[in-house]
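**Student:** build me a model:
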Amino acid sequence: MNAQDTRVPAEPHASAEFSRRLQAAADANPALADRLAAHHFDPASAHSPADLDALPVQSKDELLASRAHLSPRFTPRRIFQSPGPIYEAQPPGPDPWRWGEALNAAGLQPGDVVANCFGYHLSPAGVMFDEAITAAGATVLPAGIGSQQLQVQALMDLGIRGYVGLPSYLKALIDVCAAAGGSPESFPVRWALVTAEPLPHQLRSALQEWVPQVRMAYGSAEAGLIAYEDGQGAGMVTAAGVDVAVCDITTGSRLDAGEGEVVLSLIRAEAPLVRFGTGDLSAWVADESGTPVTDEQGRRRLAGVLGRVGQAVKVRGMFLHPRQAAAVMDRVDGVAAYRFVISRTAHRDDVRCEIVPAAGAAAEAVRTASAEEIRAGLRFNAEVQLVSQLPDDGQTLVDTRSWD
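**Tutor:** The predicted model follows:
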């Protein structure tokens, strides 16, 4: 089996249809048309996603820069702001991020009530799953991130069967329920689809003592669903409708074995992705001979997110990049140097910002202002610690977490 077998199974006249869709996407997106022209790439020559390998991998920064000068050709239902700030429009149609496939595999049934514990404030995660759950014929409790006591009460009062959110947040809700005298037998949630942070074995085991079926999924704000656990084998099967490749970080070539960057192609009229580099590291699940494992549809299985290609780290389900940290800290007067240290306690991310105050600065004022700017700009609370000096390594993000 060669690298091209990772594409979605072909349908009749699939080659002509793929060329047509790529041409339509280029016609609707001047940035994509310019990119194809710059590399002398004719959409008519592309008969499958593998033919796009003639193009270099596009980083997220390059993608955002290309979209910065475009006006949407459609009227979006919503526009989101992620830290940066980064503005992105909601794609059109029902379940536009395509999470329904993973929800069904996790156990969703029409008529279920599902607690959606992703945030609805500015960023897209909450709406992503809201759209998918309702499109699947289920009902949403828009829980977001809020009062855990009230959320647990709603779980119990409504007999909620499903949960979507961070695995660490589900553990927090279980802990609240247990502290109030609840038990696994009384806890109504029967299935959970978790994503946006790792799910180590110890945490999975703790969750499954209360929730019989816990499935992991992998996606991004740009593409939506990328891969998900289906209970049919190790790792996560790649989602339908998106070409998923694991590529050499240096050359961009597809890999059959070993770690590489997850690279996606999703051809659509609005916000198409063509050889988009997610920045995530992964590898294909392989058999004893080293051959990638596939299902009956020929889809491979990702081994999960094994790390990041660049400098960004994921904190409480959101990516944090050094440039985002710099944009926030530059707004605080009296900071001579700083770094963010990310750790993890009891399955929850902790963030500490160590700051060296400038000479003559009012230290406590610097501490207070830093905490406020971090909360406003990065959307999480951090312990601000004043120190006399920092290690001379130039790192502004230090990740000390272990996922063993």
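**Student:** rest of the way, CA atoms for contacts and neighbours
**Tutor:** Fine.
**Student:** check what pLDDT residue 13 gets.
**Tutor:** As predicted, residue 13 sits at a pLDDT of 43.
**Student:** now swap in residue 337 and tell me
**Tutor:** Residue 337 is assigned 93 on the pLDDT scale.
**Student:** quick one: contacts for the residue lying closest to it once chain neighbours are set aside?
**Tutor:** Spatially, and ignoring its direct neighbours in sequence, residue 337 is nearest to residue 356 (5.1 Å; Cα to Cα, 6 or more residues apart in numbering). The contact partners of residue 356, by Cα atoms under 8 Å, 6 or more residues apart in numbering, come to 335, 336, 337, 338, 386, 387, 388, 389, 390.
**Student:** looking at those residues, which are in helices?
**Tutor:** Counting by DSSP state H, none of the members of the contacts of residue 356 fall within helices.
**Student:** can you flag the buried ones in those?
**Tutor:** Among the contacts of residue 356, the ones that count as buried by 16 or more other Cα atoms under 10 Å are 335, 337, 338, 386.
**Student:** quick check, the second one in contact with residue 357.
**Tutor:** Yes - with contact defined as Cα atoms under 8 Å, residue 337 reaches residue 357; the gap is 7.2 Å.
**Student:** domain-wise, how is the protein divided?
**Tutor:** Per automatic domain parsing, the structural domains of the chain span 3-94+223-310, 100-217, 314-399.
**Student:** tell me the contacts of the residue nearest the centre of the chain?
**Tutor:** Among the residues of the chain, residue 220 comes closest to the average C-alpha position under Cα atoms, centre = their mean, at 3.6 Å. By Cα under 8 Å, 6+ apart, the residues touching residue 220 are 226, 278.
**Student:** for it, give me phi and psi.
**Tutor:** Backbone torsions for residue 220, taken as degrees, to the nearest 10, come to phi -150, psi 160.
**Student:** about what we covered before: can you confirm the residue nearest to residue 337 is in a strand?
**Tutor:** Yes - counting by DSSP: H, G, I helix; E, B strand; the rest coil, residue 356 is found in a strand.
**Student:** phi, psi for the residue located most distally from the centre of the chain please.
**Tutor:** In terms of distance from the mean C-alpha position of the chain, residue 360 ranks first, at 42.1 Å (Cα atoms, centre = their mean). Residue 360 has phi and psi values of phi 90, psi 0 when expressed as degrees, to the nearest 10.
**Student:** quick check: it vs residue 320, distance?
**Tutor:** Distance of residue 360 to residue 320, given as Cα to Cα, to the nearest Å: 30 Å.
**Student:** just residue 281 next, same as before
**Tutor:** Going from residue 281 to residue 320 by Cα to Cα gives 16 Å.
**Student:** ditto for residue 366
**Tutor:** Applying Cα to Cα, the value for residue 366 to residue 320 is 22 Å.
**Student:** which of the two has more neighbours?
**Tutor:** Legend: neighbour count by other Cα atoms under 10 Å for residue 366 and residue 320, higher for residue 366 (21 against 18).
**Student:** please tell me how far residue 343 sits from residue 290.
**Tutor:** Taken as Cα to Cα, the span from residue 343 to residue 290 is 34 Å.
**Student:** when those two are compared, which one has more neighbours?
**Tutor:** A direct count of neighbours by other Cα under 10 Å for residue 343 and residue 290 places residue 343 higher, at 17 against 12.
**Student:** follow-up on the earlier one: tell me the most buried of the domains of the chain?
**Tutor:** Mean neighbour count (mean count of other Cα atoms under 10 Å) peaks for domain 100-217 among the domains of the chain, with a mean of 19.
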